[in-house]
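[1] dropping a prediction and its sequence here:
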Amino acid sequence: MAKKPRTAITPTRDEDFAQWYQQVIKSADMAENAPVRGCMIIKPYGFALWENMQRIFDGMIKDFGVENAYFPLLIPLSFLEKEAEHIDGFAKECAVVTHHRLEQGENGKLIPAGELEEPYVIRPTSETIIGDSMARWIQSYRDLPMKLNQWANVMRWEMRPRMFLRTSEFLWQEGHNAFETAEEAHEDSLKMLGAYKDFAENYLALPVITGEKTDNERFPGAKATYTIEAMMQDGKALQAGTSHDMGQNFAKSLGIKFQARDESEQLAHTTSWGISTRLIGGMIMIHGDDDGMIMPPRVAPSQVIIIPIIRDEKDAGDINKYINGLEQKLKSANIRFKTDNSAERTPNKMWGAIKKGVPLRVEIGAREMEQGVLTYVRRDIGKDSKTTCSIDEFVGSVQDVLDNMHDDMLARAKTFLGSNIKDVDNIDDLISYFKNDANIGFARIDISIMDDADFEARLKEHSLSTRCMPFEDNGKKVLIGKAY
RNA sequence: CGGAGCGUGGCGCAGCCUGGUAGCGCACCUGUUUUGGGAACAGGGGGUCGGAGGUUCGAAUCCUCUCGCUCCGACCA
C-alpha cells in the first residue's frame, strides 16, 4: 500500500498550481479532454453545475426583458467581413467550413468534396448574424429596445487551450441588445455588467472588480468594453465576463436602422454581453483547496450529500428508512441532495464527496439513528465543523448553513483579492514588484502611465497586461497583472 | 507558432540507451474478514506499447514523418 497522501489532490496548489487545477477537474469528475484538439467533454457533474448557472442567470436576464432565441452555428464569411475591426480581431482564430460532402478516396479514406461557394465560419461570436436579423426586424423606434440572448456554443481556435479557461469550443450566453439612443446603450452595457457582478458574487461567491477595458483590450469593433475581473489563488487575473457598448459601429456595418420619432432615419445603438463556462474554471481556481473542488452552495449540483454508514448489514434497512425521512424533508425544503448508496467503502464515499466539493456532507449511521440525530460537515471548513443535531434542526437550518458557507467563501476570496492589490507609482516600481515571484496579484497605478510610449512594450516583456480601469477609482487608475 | 517535456491495460508509471513479441502500483472482478477521515489477504480479467512509414530474421525499444497532451512564451473577444 502506498503511503496515504496528506492531501486529496497532488500536487498541492503551492507545489504546482497548473497541475493542481487539472487534477481538481479530474478528481471532481467535471470534465476531460475530448478526442478533438482543444475541446473538452463536460461530464454530468460539471454540466449539472453549468445548468444551475444557466437557470439562475437566465432568470435574471428575463427579468430585464431579454428574450432567448437561437441563431445558426455557421456564419457566412461575408458577414464577418462587414465589420473591419471585428474580423481583424477574430480572423486568426476562426474554424472555417468549406465543404459539404465526403467521398470515398482510393484507400477507403473519406475526403471532403463539394466545395462551398462561400465558406462558413463556425461562430466565434454572433454579432454579425444576429445583427443581420435585427436589421430586418427593426423598422421603427417602436421596435426598440430589442433584447435578444442565446445560450450557445462558440468556437475560437486558440493557440493554447486550457480546460474551462480557454477551450476551442465553449458554452456561453451572448446577449445582443439594440436601442434608440447612445445613452440607453451605454446604460445597458453597464447594467448587464452589473448583472454579471451580482451573479458572480451572489451565486458563485466570486468577488470581481468591475471596470472598463483599456484601448488595447477592447472588443474588436466596440466603442467601450466593460469587464468583471477576478483574481485566482495564484494571483493571476481572469476576465470573467464582458459587456460591450458597440455604439453605432455594428449598426452601421450591418444596417440596423430605424425610423425615429422625428421621422428621420437613425442607426441603432447596440450592446453585447457574455459569460461562459470559463466561470467554472474561475470557481475552481478561487475556491478549490488541496483536497479539491469546493462548490459554491447556490449553484452546487448537490448541496447536501448523505452518506449512509452501515457497519452491520442488519441495520441497513433501518438506516435507509431513517435516511428516507430526511430525504423527504430536504425535498420539501427545496434542497438539492444526493444519497450515496454506491458500493464504495465509507471512507471512499467521504473522500469522493470532498473532492467533488459538495457543500455539506451528512453522515448517518446506527449511532445517529439511535439518537434521532445526524452529523454534518461543511466542505470549506472540513472535519473541524462536524456538527450533530436532530433531523428537524438540520432541515430547519440547512439553508442558513449554506448561506453562511456562501458568505464565508465570498468573504475569504474578497480578502484575498483586496490584500493582493499593490499601489505603485511608476513603471519601474511596477516591473520590480512583479519581478519578485513572491509578489502576486494586481498592481494599481495612475492611468497617466499609459501615456508613456514604452508602457505596452514593457508590460509585454513581463507577461503583464492591463486588466481594467476600475469604476471604484473613477477610471483614474488602471489595474495590471498576469492573466489567464 | 517558438522553447521544453510527454504519449505503453481505465489512471499513474517502469521497460527504450546496450532490439528478441510487455511489467509494476492504483482501479476493476470473485471470495473471506472488514467498514465513523482513503482496508487486508487470496485468486482473477484486461494492453500489443498515439498513428504512418522505414531499417532488421525480429521493433515498445533504432530512424523519418505525423497527430495529440502538459508546461513556459507569443496569441487571446
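    Yep, that arrived.
[2] around A:Leu267, how many other residues sit close by?
    Neighbour count of A:Leu267, defined by other C-beta atoms under 10 Å: 18. (Each C-beta comes from the backbone N, C-alpha and C, glycine too.)
[3] A:Ile306 now?
    24.
[4] how about it, nearest residue that isn't a chain neighbour?
    A:Thr339 (4.2 Å; C-beta to C-beta, 6 or more residues apart in numbering).
[5] you'd agree that neighbour is up against A:Pro308?
    Yes: counting by C-beta atoms under 8 Å, A:Thr339 touches A:Pro308, with 6.9 Å between them.
[6] quick check: neighbours shared by these two?
    Shared contacts of A:Thr339 and A:Pro308 (C-beta atoms under 8 Å, 6 or more residues apart in numbering): A:Ile323.
[7] can I assume A:Ala483 is in contact with A:Arg467?
    Yes: using C-beta under 8 Å, A:Ala483 is in contact with A:Arg467, at 6.7 Å.
[8] what's the overlap in contacts for those two?
    With C-beta under 8 Å, 6+ apart, A:Ala483 and A:Arg467 have common neighbours A:Ala237, A:Gln239.
[9] more crowded one of these two?
    A:Arg467 (27 against 17).
[10] what residues are up against the more buried one?
    By C-beta under 8 Å, 6+ apart, the neighbours of A:Arg467 are A:Ile209, A:Gly211, A:Thr227, A:Glu229, A:Ala237, A:Gln239, A:Phe442, A:Val478, A:Leu479, A:Ile480, A:Gly481, A:Ala483.
[11] before we move on, what about A:Ser342?
    By C-beta under 8 Å, 6+ apart, the residues touching A:Ser342 are A:Lys349.
[12] next, A:Ala195: secondary structure please.
    helix (DSSP: H, G, I helix; E, B strand; the rest coil).
[13] what's the closest non-adjacent residue to it?
    A:Met60 (5.6 Å).
[14] just give me the neighbour total for the one you found.
    Neighbours of A:Met60 under the rule other C-beta under 10 Å: 16.
[15] I'd say it and A:Asp198 touch.
    Yes: counting by C-beta under 8 Å, A:Met60 does reach A:Asp198; the two are 7.3 Å apart.
[16] among the contacts of A:Arg467, which are within reach of RNA strand B?
    The residues of these that also fall near RNA strand B, by C-beta under 7 Å from any atom of the strand, are A:Ala483.
[17] which one of the contacts of A:Arg467 is nearest RNA strand B?
    Proximity of these to RNA strand B, judged by C-beta to the nearest atom of the strand, is greatest for A:Ala483, which lies at 5.7 Å.
[18] phi, psi of the closest residue to the closest one other than its chain neighbours?
    Spatially, and ignoring its direct neighbours in sequence, A:Ala483 is nearest to A:Ala237 (4.3 Å; C-beta to C-beta, 6+ apart). Dihedral pair for A:Ala237: phi -90, psi 150, per degrees, to the nearest 10.
[19] quick check, pLDDT for A:Ala237.
    Note for A:Ala237: predicted pLDDT of 95.
[20] now do the same contact list for it.
    A:Ala237 sits next to A:Glu229, A:Ala230, A:Met231, A:Phe442, A:Ser465, A:Arg467, A:Leu479, A:Gly481, A:Lys482, A:Ala483, A:Tyr484 when contact means C-beta under 8 Å, 6+ apart.
[21] ok, now how distant is A:Phe442 from A:Arg162?
    A:Phe442 is 20 Å from A:Arg162, where distance means C-beta to C-beta, to the nearest Å.
[22] the residue of the stretch 251-400 of chain A found nearest RNA strand B: neighbouring residues, count only.
    For the stretch 251-400 of chain A, the residue closest to RNA strand B is A:Gly365, as judged by C-beta to the nearest atom of the strand, at 2.5 Å. A total of 19 residues lie near A:Gly365 under the criterion other C-beta under 10 Å.
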